[in-house]
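Colleague: sharing a sequence plus its predicted fold:
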Amino acid sequence: MARLVIVSNRVASPKERAAKAGGLAVALREALSQRGGLWFGWSGETEINPPDTPKVFRSGRVTYALLNLDPEDQRAHYAGYANGTLWPLCHYRLGLLTFRRADWEGYRRVNEHFARALLPLLKPDDNIWVHDYHFIPLAAELRKLGFAGRIGYFHHIPWPTPEVYLSLPSHAALVDDLSHYDLVGLQTENDVRALLTYISSEVHGWIAPGGTVGLKDRRFRVAAYPIGIDAEAFVSDARKSVGKDEERRLNESLAGRRLAVGVDRLDYSKGLPGKFAAFGELLRSYPEHRSKVTMMQVAPLSRSEVAEYQALRRELEELGGAINGEFAEFDWVPLRYLNRPFQRATLAAIYRRALVGVVTPLRDGMNLVAKEYVAAQDPEDPGVLVLSRFAGAADELKGSLLVNPYDIEGMAAAMDRALTMPLEERRQRWRTNMDNVETNTIHHWCQRFIDELTNVTDQFGPPGDQ
Ligand code: ADP
């Protein structure tokens with residue numbers, strides 16, 4: 001079995017416990033332990049003129065290699081080009097997009113630095129799997145240094161349609177970078193269509209059936225790999241929460257009321273102001289729910305160094321305060337708003353208690369919270385998922401109530417429908433969703449990507465012959 005090499009910005013250290021590290025990090029760590037492998041990423045530390053030599057250490061069968069970055073390059077790379085340019089672009093928020101040449105150059109410098117540091121650690125037959133938009137140019141940089149082995153890339157966020165993508169001044173260079181991979185994985189068929197349409201209509205590439213792409217003298221494959229969750233872990237955590245202290249405290253605090261839950265990083269792609277407004281609209285237009293339902297929105301702070309995230313935080317504080325000011329009673333606070341992280345087991349208990357899961361991003365690559373909410377339900381008395389049609393998960397979770405997150409009244413109506421849905425319909429809808437969550441797990445996703453990367457170059461000649 002070929003050795004696996006994973007590259008990602010953040011590396012889950014061997015000491016980070018599964019309950020905290022998140023499903024993806026745990027699954028990648030498992031894939032590495034099974035095959036033996038290398039996890040390469042940023043150390044989280046900066047230093048001026050850092051050397052091209054990472055800190056290397058082993059834990060079991062996994063080698064970790066962590067690289068320091070120059071502070072100015074790190075800013076240009078992370079807060080600049082990755083999260084100030086690519087993130088808003090891929091989430092269709094052109095009004096929030098900033099493009100600075102200095103950021104683009106810093107982004108490329110970080111990728112060059114990564115490639116120089118990674119190259120001496122590679123073997124020709126490795127399977128290299130690069131994660132996310134921080135490292136799109138990494139394969140091109142490794143090829144420049146002479147590496148001819150297999151490299152795959154997975155894009156965790158949406159790929160925008162050509163009309164939106166063309167707003168990026170560096171659009172052609174970035175797709176040229178993608179063409180140095182052997183396999184490019186996206187979340188949904190929609191994303192694949194968007195990228196292939198751009199390639200065929202804007203940069204004169206050709207597309208063969210099965211997603212093989214020819215661009216200039218290179219061949220690569222583009223396909224959809226919808227990411228899943230560790231369904232078993234969520235089912236088990238949710239079951240175990242029954243009768244425990246936290247569940248008891250939650251139940252006591254709700255005093256028999258229904259619960260609607262939202263769990264999202266505090267990010268403008270998640271549609272949180274619209275969700276708050278829709279909950280306010282529910283209480284205004286369907287007064288029978290007043291004092292009967294509590295909404296809990298868990299929203300840990302994220303990317304606080306980027307100005308838009310600070311502005312969003314203030315906006316939500318104002319909106320949340322206004323809803324509570326308008327509707328609260330002396331014994332009922334409609335909206336509980338928490339800016340903190342929780343252990344997976346606590347989240348599972350909250351999901352299970354909630355009759356409605358409200359997942360309404362304006363745009364999302366997949367949205368794992370939607371799948372976690374489904375997995376945590378009690379099969380006898382499951383809750384209803386209200387899901388944005390613009391989340392990648394909407395392609396798969398057909399038992400949800402799909403909503404348009406720009407339609408506040410429509411979302412309020414869907415929440416009302418969920419809160420009043422008969423048990424039999426709830427069970428049927430949940431079963432449809434759960435079949436998908438149980439089948440397409442994170443382990444299955446990982447295995448499928450690695451298998452297809454291992455075989456992909458057979459379709460267009462040996463590695464390097466591109
Ligand atoms: P994104 O990757 O954009 O943040 P996803 O919904 O795909 O969105 O994934 C978010 C992950 O972060 C989920 O696994 C979720 O359980 C986790 N998460 C979100 N909020 C919290 C929180 N407050 N505490 C712990 N984990 C959280």
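Modeller: Everything's here; your move.
Colleague: what residues does the stretch 151-300 of the chain have near the ligand?
Modeller: Residues of the stretch 151-300 of the chain lying close to the ligand by C-beta under 6 Å from any ligand atom are 263, 265, 298, 300. Where C-beta positions appear, they are placed from N, C-alpha and C, glycine not excepted.
Colleague: based on its surroundings, how many neighbours for the last one?
Modeller: A count of nearby residues for Pro300, using other C-beta atoms under 10 Å, gives 14.
Colleague: assumed it was part of a helix.
Modeller: No. Pro300 is assigned coil when assessed by DSSP: H, G, I helix; E, B strand; the rest coil, not a helix.
Colleague: my guess is it meets Pro341, correct?
Modeller: Yes. Between Pro300 and Pro341 there is a contact at 4.6 Å, judged by C-beta atoms under 8 Å.
Colleague: now the helices: where do they sit in the stretch 151-300 of the chain?
Modeller: 162-165, 171-178, 189-202, 231-240, 245-254, 272-285 (DSSP state H, counting those that start in this stretch).
Colleague: of the residues of the stretch 151-300 of the chain next to the ligand, which pair is most distant in space?
Modeller: With C-beta to C-beta as the measure, no two of these lie farther apart than Arg265 and Val298, at 9.7 Å.
Colleague: who's more crowded, those two?
Modeller: Val298 (21 against 16).
Colleague: for the more buried one, give me the pLDDT.
Modeller: For Val298, the pLDDT comes out at 98.
Colleague: and for the one 10 residues further on?
Modeller: In the predicted model, Glu308 carries a pLDDT score of 88.
Colleague: quick check: longest strand of the chain.
Modeller: Looking across the chain with DSSP state E, the single longest strand is strand 37-46.
Colleague: helices and strands around that strand, which ones?
Modeller: Under the contact definition 3 or more C-beta pairs under 8 Å, 6 or more residues apart in numbering; DSSP states H and E, strand 37-46 sits against strand 4-8, helix 23-35, strand 62-69, helix 71-75, helix 101-118.
Colleague: residue at max distance from the center of the protein?
Modeller: Within the chain, the residue lying farthest from the chain centre (C-alpha atoms, centre = their mean) is Phe330, at 38.9 Å.
Colleague: residues in contact with the closest residue to the ligand within the stretch 51-200 of the chain?
Modeller: Residue nearest to the ligand within the stretch 51-200 of the chain (C-beta to the nearest ligand atom): His156, separated by 6.9 Å. When contacts are counted by C-beta atoms under 8 Å, 6 or more residues apart in numbering, His156 touches 131-133, 187, 227, 365-366.
Colleague: go again with 10 Å.
Modeller: Going by C-beta atoms under 10 Å, 6 or more residues apart in numbering, His156 touches 8, 24, 90, 131-133, 185-187, 227, 365-366, 368, 392.
Colleague: do Glu105 as well
Modeller: 73, 76-77, 80-81.
Colleague: over to Val356?
Modeller: By C-beta under 10 Å, 6+ apart, the neighbours of Val356 are 258-262, 293, 295, 373, 383-386, 401, 414-419, 421.
Colleague: for ChimeraX, write the selection for the buried entries among those residues.
Modeller: The following ChimeraX line selects those of the contacts of Val356 that are buried, judged by 16 or more other C-beta atoms under 10 Å:
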select :258,259,260,261,262,293,295,373,383,384,385,386,401,414,415,416,418,419,421
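Colleague: show me the contacts of Val356 that map onto strands.
Modeller: 258-262, 293, 295, 384-386, 401.
Colleague: from those residues, pick the one nearest Leu67.
Modeller: Looking across the ones in strands among the contacts of Val356 and measuring by C-beta to C-beta, the closest to Leu67 is Gly262, at 36.0 Å.
Colleague: mind listing what the closest one touches?
Modeller: 270-272, 275-276, 279, 295-299, 335, 337, 354, 356-360, 369, 373, 386.
Colleague: measure the closest residue to Asn127 other than its chain neighbours to Trp430 for me?
Modeller: Nearest non-adjacent residue to Asn127, counting by C-beta to C-beta, 6 or more residues apart in numbering: Ala2, 4.8 Å away. Separation of Ala2 from Trp430 (C-beta to C-beta, to the nearest Å): 40 Å.
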